[in-house]
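In: compute the structure for the input listed below.
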Amino acid sequence: MTPFLTSKQLAQELQIIPYRERKRKPRTHALKRHPFLLLLGGLLILCILRAVAVYAWPLPEQPITCNQYLEAADYPRVVHLQTQNQQMAAVQIVNDLDGGLPAALVQVITHGLQNTLDVYIFGCSMQGNQPHLTRLFTQRGLIQGAVELTPEHTFITRTLDTRLAPDVIPFLQPLQQNVYHEYAWEQGHFVPIAFPGFYPVTSQTEAEALQQSADNGQELPWNDPVTTAIQMSKDLLQWSPDPQAQLLSRTGDTAEVSLTEQSPHIVLVVTLKQLIESDSAGLWFVTDARTRGMLISRFGTLDQPLPTTLHSPLQFSGANALVDGQTTATLFDHTMTPVSRAINIPLTVHPDSSYSGTIPYANLTSGQQGVLLIKSLPRPGNLNKESGQMLLTGVILN
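Out: The predicted structure is shown next:
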């Protein structure tokens, strides 16, 4: 993955030297004394004028390619650069970002109380024989922002999350205080893509940083699938003491672990993958966790997957909840912190064990990836008769 782009010096200061008028010495009119020189000078002027006329004749325009046009475009004018408080941070010509065609990645920094970054991506289209810029992507106001290109021909933007609760920040690593958005080119435009894992982190950038720390010798609890699953039950489910854990399967970079909680009785099957490195040093990330048969789907359906990106109020449906139990939903933000006013929200359970719910949320930085937890637990009188049902899944919150 390429490093975050840095700003470049785009202009040089010009030193202006004041013009000083100098006295001129009187000259004699030599041409009046030499008629031959006058004739020779006239012929020379005619030759010069003839040559100028030949070279000034309009030549046919040479066709310009999209690559040449993207390299020569006047981006400060295109993005309406405000020179009082803005500067062009970088312009980079990239290939294979928009389906194999050339594009220009443009960054603009705005200086103020919070330095922000605007990110633009321009493509090129030919109209007749003339190239024209086409704006493919715009994201403005990234606080302490940056943009990163990936080897998979996607790009990731970063912005500081200024809406984190003050009491949470001291417990976060610097990378966790940012929101990361990854975009890929699909069907003619850039679309957000979700990181496959949702624990212990929810973004590709954070996962790579964790893996790098492990490669550098730091002891982390996520280098084993069973240990990772148990740690997730502590951090997200608040299970204590540790649940009974069993490795069900491990094939290549994928593992399944069962976690059994005794009271209430729940058997949670956790799927984990080595998403960054698939060798003995690769860390494990949770990609799915649910009891057998628990399902979540698009609101109003049971056969359509839940959309990756959800807006407030978040709506969903599902199946296999306890008809006579207590079924709730909790939403976590990208730092694994429960979202205020989105904790243990009651869900509607229908006689066929299907369920549906709506969770409003506010004051969240848009585009962050969080976690949705569905719990369906037996009532106190049925703890010895029924097992609880549970599901965790990653979602992008807009």
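In: spit out the contact partners of Q389.
Out: 266, 291, 293-294, 320-322, 325, 374-377 (Cβ atoms under 8 Å, 6 or more residues apart in numbering). Quick note: C-beta positions are derived from backbone N, CA and C, even for glycine.
In: wait, is D352 part of a helix?
Out: No - applying DSSP: H, G, I helix; E, B strand; the rest coil, one finds D352 to be coil, outside a helix.
In: for burial, what's the neighbour tally of it?
Out: The number of residues packed near D352 is 11, by other Cβ atoms under 10 Å.
In: can you give me the strands in the stretch 151-300 of the chain?
Out: For the stretch 151-300 of the chain, the strands defined by DSSP state E, counting those that start in this stretch occupy 155-160, 178-186, 189-193, 244-251, 254-261, 266-273, 285-290, 295-297.
In: now tabulate the ones you listed in TSV and tack on mean neighbour count.
Out: Shown next, in TSV, are the strands of the stretch 151-300 of the chain (neighbours: other Cβ atoms under 10 Å):
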stretch	mean neighbour count
strand 155-160	20
strand 178-186	20
strand 189-193	14
strand 244-251	12
strand 254-261	19
strand 266-273	22
strand 285-290	22
strand 295-297	19
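In: ok so, going back, quick check on the contacts of Q389: which are buried?
Out: The neighbour-count criterion (16 or more other Cβ atoms under 10 Å) marks 266, 291, 294, 320-322, 325, 374-377 among the contacts of Q389 as buried.
In: ok, so of those, who is nearest Q244?
Out: I266 (10.9 Å; Cβ to Cβ).
In: where along the stretch 51-200 of the chain do the helices fall?
Out: Assigned by DSSP state H, counting those that start in this stretch, the stretch 51-200 of the chain shows helices spanning 66-72, 75-78.
In: so, low pLDDT: which residues of the chain?
Out: The chain contains residues with pLDDT under 70 at 1-63.
In: 50 instead?
Out: Across the chain, the ranges flagged by pLDDT under 50 are 2-33, 51-60.
In: quick one: N344 and T327 touch, right?
Out: No - counting by Cβ atoms under 8 Å, N344 does not reach T327; the two are 10.2 Å apart.
In: looking at these two, which has the bigger crowd around it?
Out: Taking neighbours as other Cβ under 10 Å, N344 and T327 compare with T327 leading, 22 against 11.
In: tell me the contacts of that one?
Out: So T327 contacts 321, 346-347, 349, 355, 374-377 (Cβ under 8 Å, 6+ apart).
In: coming back round to it: and the strands of the stretch 151-300 of the chain: which comes nearest D167?
Out: Smallest distance to D167 across those (Cβ to Cβ): 17.5 Å, for strand 155-160.
In: starting at the chain centroid, how far to the closest one?
Out: On the basis of Cα atoms, centre = their mean, to the nearest Å, strand 155-160 sits 5 Å off its chain's mean C-alpha point.
In: next: stretch 155-169.
Out: Centroid displacement of stretch 155-169 relative to its chain, using Cα atoms, centre = their mean, is 13 Å.
In: please consider this matter closed, and thank you.
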